[in-house]
Structures are given as structure tokens and as C-alpha cells.
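Novice: Below is the sequence, then the predicted model.
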Amino acid sequence: MPRSRDGKAFAGKAGYVVACTLSAVVLMVSGFAYYVKDQVAFIGGSDVISGGPETGAMNILLMGLESRTDYDGNILPANLLKALHAGSVQGVENGVGGQDTNTLILIHIFAGGQKAVGFSIPRDDWVTFPKTYDGQSQGKIDQAYGLAWAQSLSQTVNSGMSHNQRYLVANEAGQAATIATVEQLTGVHVDHFAEVNLAGFYQLAQTFGGIEACLVPWNGGQNLHDANSGFSQSHAGYVFLTPAQALAFVRERDNLPNGDIDRTHRQQAVIDYVVWKLKNDGVFSDIGQLTSLLDVAKKYVITDSGWQILTFAGEMRSLTGKNLTFQTAPVISTAGHEDGQTVNLIDPAAIKKDVQSTFYPPTPAPQPTASKSTGTSLPARATTVDVYNGGGTPGLAGQLSQALTSAGFKAGKVGNIASQSSTRVLYGTGAGPSAAKIAGHFSGVTAAAGGSVAAGHVEVLLGTDATAVPAGIGSAASSGSPASSPSGSPSASRTPASNNGQVAVSGNAKYGIPCVY
């Protein structure tokens, strides 16, 4: 059951809460602003962090709690556990489940609110905690919440606090531990957070009437059925998922080729769909549907109490799905072993570098301008483009090279390189304008001077964020684009490629959602 603090009802789970926080984007233009103002005031509740900016650039941590209890520690009703495929009351009493954050997505909102990028942090990443929680200094990153939560409860047994107050304090201890752990891992400050639990996600999915997904079959359709999560579909391609199946979809990992890594892609796909639906499907044209969504948000969504969601929404109203992109924090191996468990081995320094360079890209160097006297700026036809594939889509370097040749550039070297978390475009002397033109076709990519790039050359280093030839590059662009796949079939169907444990399978499905395993 939900509980309240100072009249504010809350409880909570996951990254899918972007459905509520970004819902305000549409609220501001929906014609219901005055009605919404009073309703949104009831969303919030946590004092664990404060002082974050209300507008401008900010970092938001989305947390999804794998909990079979509500926020007062009460086991969820048997019928709800059954619907969630989350075990039984007896099972929970015997220790099934926990307070782990199975979803962690750190989103950076760029100043102006027109662009955002998120990093999913796989739950099994092995980390050193900022401090010891319940006797543990290391563990999977998803354990930080539950360890701090349990430690808090044990410390308040004889405190004289009420049952509900003890759990409120424990929840905030878990939130604080998770935020501190993510900040230490990524090296960036968390300004705001939002959280929702299993029951909350299920209720949100009920309000939306289910979701659409695009499934790529794997190993004879093995990823279409999973006894543990309860996910079960008769076919791949575009599928409609009921609320219960939507929850199973984002929880499944045992039958996916890359386990938890692929699960993060599913979670990202759900967010993409929800953002599309909020923006395009008239969710807020009906006061009844709007009321239902806000009622669920008030009961199940937790945010830091200082986050002024309506103010945030006013700046975010121009953000659309195509300007909200996702990456997954790099993993060295998904087959590590620590304390008798299989874990993800990671390089924290590499994660910091990736997150910080993506959230806070360096100011681009001034592009060279044409010089009549020296002719230092070369036309496209005189620029040679070398393309190297460091992503997970086989053959993409060759496809892109062909498209660039069709666009008038000179074909250069084509090959494969070590895994790259993001696409980069580098240029040598005289090739700056051409590099800038090529980089402009990739979302969030800015051309930069490369000290080792030959004069008159551009190097395109494809990362895991590149899964198809961007539309608009030469006559070959459409042939390599997932958007050209026939309706009713997935936009990609290939066997997974080894890519440091990551596989990026995505495309432009009919709702703008990526196709995933």
C-alpha cells in the first residue's frame, strides 16, 4: 500500500518513471495546466538530496526497485504477486526478492531541455561502495540500496520510531546509498532522482493499456519464453504487451543472449515507446486518462521533494523521442566471479570517461575555413573517408563507406577496430568542413581534429550507438536503414556479436522504438 509523508503519498520502482516525469512535457501544452498543477504537487516525498537545479543542465537518476513489498515493508497481496509473476506471499516471507535496484539509468538533460542522453548501468556490475553498507564494502551495484536499507532497519529496532517511520528512513538510506554509489562510479553529480517499484510499474502499464515492443528472435525464439519472469509471446516482430507482459518483458534476462545487458536495452525500448505515446497519442486529451495517470504517479512515484516537476516540464516540452538517446555503461566481461556469484567486471575509469565525455562534451575546436590563398579547406570530393567499425553491427563500416562515396566523398580504408562505446569523427588538415558534415548525420557527434589523421582524410570510428547508416547519407542510406524493413517484422535479425558483453540491436520501428532481443 502507498504511504504518506506530510500528505504526500508515495511508493515506487524504476527507470520507467520517465513516463511520469516527462509526462509533464505534454501537460504544459495540454490545456489542463491549472488542473495538473495541484495534482503534480503531490508527487515527491524524499528528502535524501536537495538543492538540484530546477531548469538548465541536470543529471537525473532513475531507479527501479525489485521489491515484493510496499514501502512500509508489507508484502504485496497474493493476487498482485501472481500478476507480477513475482512468487507467493509464503515465498516472500521465506526471503524471495529483496530491495535491489534492478534498473539504474542516469540521464543528462542538456541546457535548454531539447536533448537528453542516458546511460543504463547493468545491475550486476561489481563495484566498491563509497562506504561499508551492512558490513559489505563491495558488491553488485544493485545491492547498495538493499544493504543500506537493511542496515538502517537494524539500527532503528529500539529507537522508539513507528513502523512506518522506520521504513521511511530505511528507504531514504537505500536511495542515498544508490545515489552515492552511482556518483562514485560515473564521476558526475546526481541532481534529482525518481523511483518506482514493481507494483508501481505494473499500475503505470495498466494506465497506458500496455505497450508496443519490437522483438528480434534469438536462437530459435528462445527469448520469447521465460519461466522466471513470465514473459511469453507467440512470435517476434512487433508485439503488443499487456501490463503484466510489459513487466515481464523488462525483467527477463535469463533467456537473452547477453543477459542483463540485453535487459537494459529492453528497458530503454520501453522508455522510447512511452515518450512517443505521451507526445503523439493524445494521452492528455482525455481528462479521465490524465487523472488516472496522475493518481498512479501520486501513489507510486518517489522523487526528491525539491524537484519542481512542472518547472522542469516547461523547459522540457520540446524534447522528443528522437532527441532522447541511450547507451549502456561499458562492461569488460559478463562472466566474472566474486564471492561465489557471476558478476560483470568493469573498468570504472573507462565508465567515468565515457559518461563525462558524453554528458559534458568538450567545446568543439573551430572548424577550418576556406582560404583563397592557401586552399587549406578541401571540397568533399577531395576528402578521403576511412571508416572503422567498433560497434556491434557486422558490415556497417562497408555500408557507410558506400553511402559516403555516393555522397561524393572518396572511399578510404574500411575495417574493424576494438569496441567503441560511442561514435567519433576525426579529421586531418583541410578536412574539417567535410568532417563536420559527416558528423552532423550522427546524433550527438561533433567532429574533432585528430592528430594522427592524415591531411585530407576523415576517420569515422563507429561505436555501439551506431546500428545503421544514418538517413540522408548518399543514395545507399536507406538500404542500410532498419526503417526499410517490412511492417510486422523486426528491423534486425542476426546472431549476437561479441562486443565486450554488449549488443546493440536497434532500429526505427513504427513507434520510434528500437528492436531488441
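Specialist: Sure thing, it's come through.
Novice: tell me which residues of the one helix or strand Tyr238 maps to are tucked away?
Specialist: Using DSSP states H and E, Tyr238 falls within strand 237-241. For strand 237-241, burial by neighbour count (16 or more other CB atoms under 10 Å) applies to 237-239, 241. C-beta coordinates here come from the backbone N, C-alpha and C atoms, glycine included.
Novice: what's near enough to touch Val92?
Specialist: Neighbour list for Val92: 68-69, 75-76, 81 [criterion: CB atoms under 8 Å, 6 or more residues apart in numbering].
Novice: hang on, the earlier thing: need the buried residues of strand 237-241 in TSV (columns: pLDDT and distance to Gly174).
Specialist: Shown next, in TSV, are those (pLDDT from 0 to 100; distance: CB to CB, whole Å):
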residue	pLDDT	distance to Gly174
Gly237	86	39
Tyr238	85	37
Val239	89	34
Leu241	90	29
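Novice: Among the residues you listed, pick out the one closest to Ala173, please.
Specialist: Leu241 (34.1 Å; CB to CB).
Novice: how close does the closest residue to Asn228 other than its chain neighbours sit to Asn223?
Specialist: Nearest residue to Asn228, sequence neighbours excluded (CB to CB, 6 or more residues apart in numbering): Asp254, at 5.3 Å. With distances taken as CB to CB, to the nearest Å, Asp254 is found 10 Å from Asn223.
Novice: Compare neighbour counts for these two and give me the winner.
Specialist: Shown here are Asp254 and Asn223; by other CB atoms under 10 Å, Asn223 has more neighbours (24 against 15).
Novice: so the more buried one, which of the three states?
Specialist: helix (DSSP: H, G, I helix; E, B strand; the rest coil).
Novice: correct me, but it touches Arg253?
Specialist: No: look at Asn223 against Arg253 with CB atoms under 8 Å: they stay out of range, at 10.0 Å.
Novice: What residues sit buried inside stretch 107-124?
Specialist: 107-110, 113, 115-124.
Novice: actually stretch 73-83, sorry about that
Specialist: Buried-residue list, stretch 73-83, by 16+ other CB under 10 Å: 73, 75-76, 80-81, 83.
Novice: for the record, mean pLDDT for that stretch?
Specialist: On average, the pLDDT along stretch 73-83 is 80.
Novice: Provide the contact partners of it at residue level.
Specialist: With CB under 8 Å, 6+ apart, stretch 73-83 has contacts from 1, 68-70, 84, 86-89, 92-93, 163, 167, 198-199, 202, 244.
Novice: make it 10 Å
Specialist: By CB atoms under 10 Å, 6 or more residues apart in numbering, the residues outside stretch 73-83 that reach it are 1, 3, 67-70, 84, 86-93, 96-97, 99, 149, 153, 163-164, 166-167, 170-171, 197-199, 202-203, 206, 230, 242-244, 247.
Novice: Filter those residues down to the buried ones, PyMOL style.
Specialist: In PyMOL syntax, the buried subset of those is picked out as below (16+ other CB under 10 Å):
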select buried, resi 3+67+68+69+70+84+86+87+92+97+99+149+153+166+167+170+171+197+198+199+202+203+206+230+243+244+247
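Novice: Let's see which of the contacts of stretch 73-83 end up in helices.
Specialist: Among those, the ones falling in helices (DSSP state H) are 84, 89-93, 149, 153, 163-164, 166-167, 170-171, 198-199, 202-203, 206, 243-244, 247.
Novice: picking that back up, and the buried residues of stretch 73-83, which is closest to Val453?
Specialist: Out of those, the member with the shortest distance to Val453 (by CB to CB) is Ala83, at 56.4 Å.
Novice: what's the spacing between the closest one and Gln327?
Specialist: 32 Å.
Novice: what does Asp70 give?
Specialist: Taken as CB to CB, the span from Asp70 to Gln327 is 33 Å.
Novice: How about Asp262?
Specialist: For Asp262, the distance to Gln327 - CB to CB - is 14 Å.
Novice: between those two, which one's more packed in?
Specialist: The neighbour count for Asp262 versus Gln327, taken as other CB under 10 Å, is higher for Asp262 (26 against 22).
Novice: Excluding sequence neighbours, find me the nearest residue to the more buried one.
Specialist: Leu256 (3.8 Å).
Novice: That neighbour and Phe326: what is the separation?
Specialist: On the measure of CB to CB, Leu256 and Phe326 end up 17 Å apart.
Novice: Repeat that for Thr393.
Specialist: 16 Å.
Novice: likewise Ile109?
Specialist: 14 Å.
Novice: Quick check: neighbours shared by those two?
Specialist: Residues within reach of Ile109 and of Phe326 at once, by CB under 10 Å, 6+ apart, are 116-118.
Novice: out of these, who's nearest Thr429?
Specialist: Val117 (30.8 Å).
Novice: Hmm, the closest one is touching Asn323, no?
Specialist: Yes: using CB atoms under 10 Å, Val117 is in contact with Asn323, at 9.1 Å.
Novice: how far away is Val414 from Leu400?
Specialist: 9 Å.
Novice: Now for these two: what residues contact both?
Specialist: 385, 387, 389, 460.
Novice: Asp125: what's it in contact with?
Specialist: 104, 139-142, 181, 185, 260, 329-331, 334, 336, 343-346, 348, 351.
Novice: quick revisit: now compare the contacts of Val92 and name the two farthest from each other.
Specialist: Thr69 and Leu81 (10.2 Å).
Novice: Give the residues shared as contacts by the two.
Specialist: Residues touching both Thr69 and Leu81 (CB under 10 Å, 6+ apart) are 75, 92, 97, 198-199.
Novice: Redo those residues as JSON lines? Include distance to Ala447.
Specialist: Shown next, in JSON lines, are the shared contacts of Thr69 and Leu81 (distance: CB to CB, whole Å):
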{"residue": "Ile75", "distance to Ala447": "55"}
{"residue": "Val92", "distance to Ala447": "54"}
{"residue": "Gly97", "distance to Ala447": "49"}
{"residue": "Leu198", "distance to Ala447": "44"}
{"residue": "Ala199", "distance to Ala447": "47"}
